[in-house]
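*Asks:* kindly return the folded structure for what I paste below:
(chains A and B)
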Number of protein chains: 2
Amino acid sequence: MADMRSLEDLFHETLQDMYYVENKLVKTLPEMAEKATSPELKTAIEEHLAETETHVDRLEEVFAEIEQEPEAKRCDALEGLIKEAQEVMGDIDDEKTLDAAIIASAQTVEHYEIARYGTLACWARELGHEEAESLLQEILDQEKAADEKLTELAEQSINQQAAA
Amino acid sequence: MADMRSLEDLFHETLQDMYYVENKLVKTLPEMAEKATSPELKTAIEEHLAETETHVDRLEEVFAEIEQEPEAKRCDALEGLIKEAQEVMGDIDDEKTLDAAIIASAQTVEHYEIARYGTLACWARELGHEEAESLLQEILDQEKAADEKLTELAEQSINQQAAA
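*Replies:* So this is what the prediction gives:
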């Protein structure tokens, strides 16, 4: 990686990081949905998978906006989050406890994305990339909504079933 | 690691994960503060370091509450976040751009903690650990406030200076 000298470089590199994240999640979310036993949790993950596929397209629009080719850069943070999720899931036998762990792991990923898209939208605004800012804000709003939905699902059913 | 069979086991293991995180951050935040050039950013990180030290104590109270010894379990997610932060910081020469990258990285860590403490507080409530729930909620509120403060700092000065 060449040295980064400007916020524009940092914006571009972080965009590549998120392009890796969204593409990786398109492959990882179906595995999570398969492991979930609660039908509501399966549905929530599958719905978020459909959104994630649109995020890949939106990021490609952002790359076009800054006149760059879409390119993914390996994201160590996401790899760490996925490794942790897989290890925890592999340690659990009980189905209800597994569902609680799946929601918790999914929320760590949502929060990584919320942090990143919040930053990217701010940087886009500062750099004068208005169209990019609006696309990134749109993804951010969907990530926040997905996180809230998972919290609701955890509080209203999954955690109670796991604690029973 | 023995197989986890219950939400109580999962709660305990996730607590060990966060005990690792807070102890690691006590060592990592001073390095971040040292690399920051903006005095406001340095101060914000140093203030959060002082809070982080209290989080270690609070977690020890939570362990006592569930009659367990405080023990740290390596957290791959945090290791991934730190690796990413260090790589990005190592690639940047410009001081203003570096400050913007430091804030962004700190916010990914804050959001990991927000996700985890949100989950832990919910689980504590479900498991009937009322005192633990209140301690975890207190930490959660501080992490959210720290994240908001970083957003404010980024929007009001750091990002503008980096884009200039």
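*Asks:* hey, let's count contacts and neighbours off CA atoms from now on
*Replies:* Noted.
*Asks:* check which helices and strands the worst-scoring helix or strand of chain A on mean pLDDT is in contact with.
*Replies:* When the helices and strands of chain A are scored by mean pLDDT, DSSP states H and E, helix A:159-163 comes last with a mean of 91. Here helix A:159-163 touches helix A:95-126, helix B:7-35, helix B:95-126, going by 3 or more CA pairs under 8 Å, 6 or more residues apart in numbering or on different chains; DSSP states H and E.
*Asks:* can I get these in TSV with mean neighbour count, distance to residue A:14 and mean pLDDT?
*Replies:* Listed next are the helices and strands packed on helix A:159-163 as TSV, based on neighbours: other CA atoms under 10 Å in any protein chain shown; distance: least, CA to CA, whole Å; pLDDT from 0 to 100:
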stretch	mean neighbour count	distance to residue A:14	mean pLDDT
helix A:95-126	23	8	97
helix B:7-35	19	19	97
helix B:95-126	23	10	97
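*Asks:* need those in JSON lines (columns: distance to residue A:27).
*Replies:* Shown next, in JSON lines, are those (distance: least, CA to CA, whole Å):
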{"stretch": "helix A:95-126", "distance to residue A:27": "14"}
{"stretch": "helix B:7-35", "distance to residue A:27": "25"}
{"stretch": "helix B:95-126", "distance to residue A:27": "22"}
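*Asks:* of the ones you listed, which approaches residue A:156 most closely?
*Replies:* The minimum distance between residue A:156 and these falls on helix B:95-126, with 10.7 Å, by CA to CA.
*Asks:* could you check whether the closest one is close to chain A?
*Replies:* Yes - Helix B:95-126 lies within reach of chain A by CA under 8 Å from any CA of the partner chain, at B:97, B:100-101, B:104, B:107-108, B:111-112, B:114-116, B:119, B:122-123, B:126.
*Asks:* farthest-separated two in these?
*Replies:* Pairwise over those, using CA to CA, the maximum falls at B:97 and B:126, 44.0 Å.
*Asks:* in the host helix or strand of residue A:55, which residues are buried?
*Replies:* Here residue A:55, judged by DSSP states H and E, is contained in helix A:39-65. With burial defined by 16 or more other CA atoms under 10 Å in any protein chain shown, the residues of helix A:39-65 counted as buried are A:41-42, A:44-46, A:48-49, A:51-52, A:55-56, A:58-63.
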